[in-house]
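Colleague: Below is the sequence, then the predicted model.
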Amino acid sequence: MSTRWKHRRRTTILATAVAAGVVLTALPASAAPGGPGAGDPYYPEDGNSGYGVSEYDVRVNYDPARPRHLEGDTTVRAVATQDLDRFHLDLEGFQVTAVTVDGTPARAVSREGAHELVVTPARPLRKNASFAVRVRYSGEPVGEGWHTLADGGANVTGEPHAATAWYPANDHPSDKATFRLTATVPNGWTVVGNGRPGATTKDRGTTTFRWYEDRPMATFLSTIAIDKFTVRASKLSDGTPVINAYSPGSRIDPEAEAQLPEVIDFLASKFGPYPFSSAGAIVITGDDGEGPPALETQSRPTYHGGFFDISMVHENTHQWFGNSVSVSDWRNGCLAECFAQYAVQLWDEEKNGSDLDNFFYRGMLEESTADPEFWTTKLYDPGKGRELDGGLYSKGSMMLHALRRTVGDDAFFGTLKRWQREHRYGNGSWPQFEALTEKVSGKDLTGFFDAWVDGTTVPQKKYLYPGSLGSLDPAPGQAGATAEAPTTSDGA
C-alpha cells in the first residue's frame, strides 16, 4: 500500500534565523511547498511530502567527556516528487548553524512545531529534480532515540521514532534510503553503525569511523553506538561478514556468536536469502534505561547486556520482516512483530523438535480463551499508541500458526518467500499480505482474517481449530470458541 501524500497548511512558528545572513521571508501565494507529514493515520506529522530521499550522509563529532553534546553535518540527497518552493525535514532540538541546497545557502530556514525544519531554497526545485540539502547543527540531543551510557558513550534505538534525535530526516518508514555514517570520537573509543565498515583514520587525538548501509533503510532502523567496545569479527556460512560489538561489562558468549550463522541459515530457509551485506550485534550496557531491551537495527540488531538464540531469532527475523520489507505505515506492525515472534516457535520446532500444535498452540489456548482481554487487540490497525501492542506478539503468533494449519505448509512458507521477493527493500501493508496469501493458497480466507486479524473476541471454533488443530481437545473454559462468543471492547 503506497502512503498517501498529505498536503496541509499549518500555522508557522518562526524560530531564530539559523544561518548568518538568512532572512525569514513569507512565500508568495503561488508557492508550492511540500507538506509536513507523510499522511500516516497514527502519526500524521511524521515524515514529509514533496520529495523522496535516496541517501543520508551523516557526519557527527562526539566527545564522551561532553555526553550531552553532538556536532552534526548531514547531507540528505533526494528527488522532488512535485514542484517545491520549500520543503520540510524532521529534526528535534539543536542549534542549526547553516543550511545549503545544492551548495547554495538557503533563502530562508524556520522552525515549525517541535520537530519540523522548513527550508526555502534559493531557487525553486522542479518535479523529478535531484537535490542535496546540507544541514550543520550542534547541541544536546533531545529526541527519544538518543541514550547516554554510564561511561559517557551513547547509542540510538527507538521505535517508531529515533532518527530525528541525531540527524535531519524524512522520518517515516515509507521513505527508505541508503545510509552513510562518518563519526569522529576521541582515541580509545569505537563507533559502530549499520552495514559494512569503511576506512578508520586517526588525526590529532581523534579517530574517525565510517559505515555504509547499501540497502534502503527506514530511518528508525539507523543507529550509532559509541563506547569502548570489544569488537569480534566472523562470517556467515556464505561469507557475509559478521561484526559483533560488546560494551564493557556486557556478556560475550562465544556459543551464541557461533550460533548466529545457524540462526540466519534457518531463517533463510523459511523466508528466502538473507537480505543484507553484513550481520552481527551491538551489545550495550549501562544506558539511561529508556531504550527497548532489543531492537532490530538494520543488519546489526542492538541488545542490552547480552544475547542468546531466542533474542537472535526474533531480531534477525526482523531483517526480513520489518527491515527488508518495512511497513507502509504504522497500522501494519503485525508485518514485523507477529512474524518475529512466530519465528521463535519455528526455531523451537526445528531445533528441539517441539510439537507446536500440542505445546505452543494448546498452551496459549489454555491460558487465553477464558481471558477476554487477550483477544481485544486488532492485529491490523490496532489504534494509535498500540501499534506495537503486546497482542501482536502473543495473539499474532497464534494467528500465524492457525493460518499455517489452514493453508498448509507449502502455501504458508511459499507465501512468506514470495512476500519477501515481491517487496524486497520496499514496503508492504497487511491487506496486501492477506491478498497474497489467498492467491498462493487458492483459498478464500475472508472469514479467517475477519476472525483473527480484525476480530476482538475468541475466534469461532472452525477458525480456532483449522486443519490438524482440529484434533486438539477444546481448551478449558472455551465457551467463547463458538459463533455465540461474547463481544468485548476492541480496545483501540
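Modeller: Perfect, thanks for sending it.
Colleague: and the gap between Met399 and Ala343?
Modeller: In this structure, Met399 lies at 14 Å from Ala343, with C-beta to C-beta, to the nearest Å as the measure. For every residue, glycine as well, the C-beta is placed using N, CA and C.
Colleague: Who has more neighbours out of these two?
Modeller: More crowded of Met399 and Ala343, by other C-beta atoms under 10 Å: Ala343, with 26 against 23.
Colleague: sec struct for the more buried one, please.
Modeller: Reducing the assignment at Ala343 to three states with DSSP: H, G, I helix; E, B strand; the rest coil gives helix.
Colleague: thought it was touching Val313?
Modeller: Yes: the pair Ala343 and Val313 qualifies as a contact (C-beta atoms under 8 Å) at a distance of 5.4 Å.
Colleague: any common contacting residues for the two?
Modeller: Taking C-beta atoms under 8 Å, 6 or more residues apart in numbering as the contact criterion, the common neighbours of Ala343 and Val313 are Leu267.
Colleague: which residues of the stretch 51-200 of the chain fall in strands?
Modeller: Using DSSP state E, counting those that start in this stretch, the strands of the stretch 51-200 of the chain run over residues 51-61, 70-80, 87-90, 95-101, 104-105, 108-112, 116-120, 130-139, 146-148, 154-156, 177-186, 190-193, 196-197.
Colleague: my guess is Lys384 contacts Tyr42, does it?
Modeller: Yes: judged on C-beta under 8 Å, Lys384 makes contact with Tyr42 at a distance of 4.1 Å.
Colleague: okay, those two: which has more neighbours?
Modeller: Neighbour comparison, Lys384 and Tyr42: the larger count goes to Tyr42, with 17 against 14 (by other C-beta under 10 Å).
Colleague: Which residues are in contact with that one?
Modeller: Counting by C-beta under 8 Å, 6+ apart, Tyr42 has contacts 329-331, 384-385, 387.
Colleague: if we can go back for a sec, what do Lys384 and Tyr42 both touch?
Modeller: Counting by C-beta under 8 Å, 6+ apart, the shared contacts of Lys384 and Tyr42 are Trp330.
Colleague: so where do the helices sit in the stretch 351-492 of the chain?
Modeller: Secondary structure of the stretch 351-492 of the chain by DSSP state H, counting those that start in this stretch: the helices cover 362-368, 394-407, 409-423, 430-441, 446-449, 461-464.
Colleague: in the last one, what's buried?
Modeller: Looking back up the chat, that one is helix 461-464. By 16 or more other C-beta atoms under 10 Å, the buried positions in helix 461-464 come out as 461, 463-464.
Colleague: what's the answer for the first one, then?
Modeller: Using 16+ other C-beta under 10 Å as the burial criterion, the residues of helix 362-368 that qualify are 362, 364-365, 368.
Colleague: now do the fourth one
Modeller: Judged by neighbour count (16+ other C-beta under 10 Å), helix 430-441 contains these buried residues: 430-434, 436-438, 440-441.
Colleague: just the angle between it and helix 409-423, please?
Modeller: Counting by axes from the mean of the first three to the mean of the last three C-alpha atoms, to 10 degrees, helix 430-441 lies at 130 degrees to helix 409-423.
Colleague: start at 20 instead
Modeller: In the new numbering, first residue 20, that becomes helix 449-460.
Colleague: Which neighbouring elements make contact with helix 449-460?
Modeller: With contacts defined as 3 or more C-beta pairs under 8 Å, 6 or more residues apart in numbering; DSSP states H and E, the secondary structure elements packing on helix 449-460 are helix 353-371, helix 413-426, helix 428-442.
Colleague: try 6 Å
Modeller: Helices and strands touching helix 449-460, by 3 or more C-beta pairs under 6 Å, 6 or more residues apart in numbering; DSSP states H and E, are helix 428-442.
Colleague: just the last one next, same as before
Modeller: Judged by 3+ C-beta pairs under 6 Å, 6+ apart, helix 480-483 has no packing partners among the helices and strands.
Colleague: any idea of the mean pLDDT for that helix?
Modeller: Helix 480-483 shows a mean pLDDT of 96.
Colleague: The second one too?
Modeller: Rounded to a whole number, the mean pLDDT of helix 413-426 is 98.
Colleague: Helix 449-460 and that one, what's the angle between them?
Modeller: Here helix 413-426 runs at an angle of 20 degrees relative to helix 449-460 (the same axes, to 10 degrees).
Colleague: Contacts for stretch 137-153 next, please.
Modeller: With contact meaning C-beta atoms under 6 Å, 6 or more residues apart in numbering, stretch 137-153 is reached by 94-96, 98-99, 101-107, 118-121, 123, 125-129, 131.
Colleague: Buried only: go through those for me.
Modeller: The neighbour count (16+ other C-beta under 10 Å) marks 94-96, 99, 101-107, 118-120, 125-129, 131 as buried among those.
Colleague: quick revisit: would you turn the strands of the stretch 70-219 of the chain into TSV with distance to Asp473 and mean pLDDT?
Modeller: Converted to TSV, the strands of the stretch 70-219 of the chain look like this (distance: least, C-beta to C-beta, whole Å; pLDDT from 0 to 100):
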stretch	distance to Asp473	mean pLDDT
strand 70-80	32	98
strand 89-99	37	98
strand 106-109	32	97
strand 114-120	44	97
strand 123-124	51	98
strand 127-131	37	95
strand 135-139	34	96
strand 149-158	41	98
strand 165-167	36	93
strand 173-175	35	95
strand 196-205	33	98
strand 209-212	39	98
strand 215-216	42	98
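Colleague: And those strands: which comes nearest Lys436?
Modeller: Evaluated with C-beta to C-beta, the strands of the stretch 70-219 of the chain place strand 196-205 nearest to Lys436, the distance being 24.8 Å.
Colleague: packing partners for that closest one?
Modeller: Counting contacts by 3+ C-beta pairs under 6 Å, 6+ apart, strand 196-205 is packed against strand 70-80, strand 209-212, strand 225-236.
Colleague: Would you mark the buried spots in that strand?
Modeller: By 16+ other C-beta under 10 Å, the buried positions in strand 196-205 come out as 196-204.
Colleague: so where's the stretch 220-369 of the chain uncertain?
Modeller: 305-311 (pLDDT under 70).
Colleague: Let me fix that, I meant to ask about the stretch 370-511 of the chain.
Modeller: Judged by pLDDT under 70, the stretches of the stretch 370-511 of the chain that qualify are 494-511.
Colleague: Show the end-to-end separation of stretch 163-180, please.
Modeller: Stretch 163-180 stretches 7 Å from its first residue to its last (C-alpha to C-alpha, to the nearest Å).
Colleague: tell me which residues in it are buried?
Modeller: When burial is assessed from 16+ other C-beta under 10 Å, stretch 163-180 yields the following buried residues: 163-168, 170-180.
Colleague: Just the residues contacting stretch 215-226, thanks.
Modeller: Residues from elsewhere that reach stretch 215-226 (C-beta under 6 Å, 6+ apart): 203, 205-206, 227-231, 296-297.
Colleague: Most widely separated two among those?
Modeller: Maximum pairwise distance in the contacts of stretch 215-226, criterion C-beta to C-beta, is 29.4 Å, between Pro205 and Ser296.
Colleague: Relative to Tyr75, how far out is Asp246?
Modeller: From Asp246 over to Tyr75 the distance is 22 Å, taken as C-beta to C-beta.
Colleague: The two: which has the busier surroundings?
Modeller: Asp246 (29 against 24).
Colleague: What residues does the more buried one make contact with?
Modeller: Contacts of Asp246 were listed using C-beta under 6 Å, 6+ apart, and they are 168, 172, 266.
Colleague: Make TSV out of these and add distance to Arg153.
Modeller: Conversion of the contacts of Asp246 to TSV gives the following (distance: C-beta to C-beta, whole Å):
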residue	distance to Arg153
Leu168	29
Gly172	27
Ser266	32
